[in-house]
Each structure stands twice: as C-alpha cells, then as structure tokens.
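Student: Sharing a model prediction with you, sequence too.
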Amino acid sequence: MTAQPTWAARPLTALLGVALLTLLALISVAGCSKHPTPTTTSFVGKWHSSKLDTPIHLYSNGEWEIKKEDGSVLQYGVWEYKDDRIIWNFKMGSQIVRDVNKVQSVALKEFRLHEDQAITTFTRLD
C-alpha cells in the first residue's frame, strides 16, 4: 500500500487549487455586487408613480411635469438628484415648496423613494 501524496508534496497542484478558489471568489463577489451608482440620468424619463394616476416626466434639464396623455400639465417644477436623494421644487399657491426624498433603490425600470413615511414606487413607461 502506497501513501497518497499530500498538497504539500504537490506544490503546483496546491497553487492551482488556491488560484481556482480565488478566481471563484472574485466571480462570486462580482456577480453579487450592487447595481452601478445611480446618476441623474438614471431618473430621466416618463414614469408611473404608485401614488398618481397621471404619468410624471423627469427631464434631463432638471424640470419635471405631471402631464396627462392629452398634453395638458397638471403640475410642474424642478428636480435634482443629490446625495442619494431626489429634491423636488414646485410652486404651491404663493409658496415655493422644497420636498427632499431619500432614494431607497434604483433599477433600470424602477426606482423607489421614501416619501411621507411610505415608499413610493416609480415604474418606467418609456
């Protein structure tokens, strides 16, 4: 009966084993990593809000509109994405209102905001 060689007796095999495990770990980490960091362009487009029946349009120039399909505008203002928050500015009566909402998550077809003690989901329409 002959003794089986150990990893120490086969340094090249041991090195290949370690390299393979390292490669698998790196692939695993890359596959589980977070989505790319959102930017302003992540939010530009036509969206359906879980709080509204009428679509909201976020434009790249920083303007937003809640616009009906016939083109009439119900409300408008300016928006900004900064420090993981969307900042909405709009006129209500004679006051300029600033509403800051934390972004909870961002994906290609959806983003979620923490608004008014609840989560609002925006689903891309374009």
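Tutor: Ah, there it is. Worth saying up front: this structure is predicted, and the values here are computed from it rather than measured. Numbers count the residues shown, from 1 in each chain.
Student: ok, Leu74 touching Lys68?
Tutor: Yes. The pair Leu74 / Lys68 is scored as a contact, 6.6 Å apart, by CB atoms under 8 Å. Every residue, glycine included, has its C-beta placed from N, CA and C.
Student: what do those two both touch?
Tutor: Common contacts of Leu74 and Lys68 (CB atoms under 8 Å, 6 or more residues apart in numbering): Thr54.
Student: Just give me the residue closest to the centre of this protein.
Tutor: The residue lying closest to the centre of the chain (CA atoms, centre = their mean) is Val106, at 1.7 Å.
Student: That one contacts Thr40, correct?
Tutor: No. With contact defined as CB under 8 Å, Val106 does not count as touching Thr40 (11.3 Å).
Student: Show me what the residue nearest to the centre of the chain is bridged to.
Tutor: For Val106, the beta-bridge partners under DSSP bridges are Phe111.
Student: same check, this time on Tyr76
Tutor: In beta-bridge terms (that is, DSSP bridges), Tyr76 pairs with Glu65.
Student: mind listing what it touches?
Tutor: Tyr76 neighbours (CB under 8 Å, 6+ apart): Glu63, Trp64, Glu65, Ile66, Phe90.
Student: Buried ones among those?
Tutor: Buried by 16 or more other CB atoms under 10 Å: Trp64, Glu65, Ile66, Phe90, out of those.
Student: tell me the SS of the nearest residue to Arg98 once chain neighbours are set aside?
Tutor: In space, Arg98 comes closest to Asn89 once its chain neighbours are excluded; the distance is 5.3 Å by CB to CB, 6 or more residues apart in numbering. State at Asn89, reduced to three classes by DSSP: H, G, I helix; E, B strand; the rest coil: strand.
Student: Thanks again, I'm all set now.
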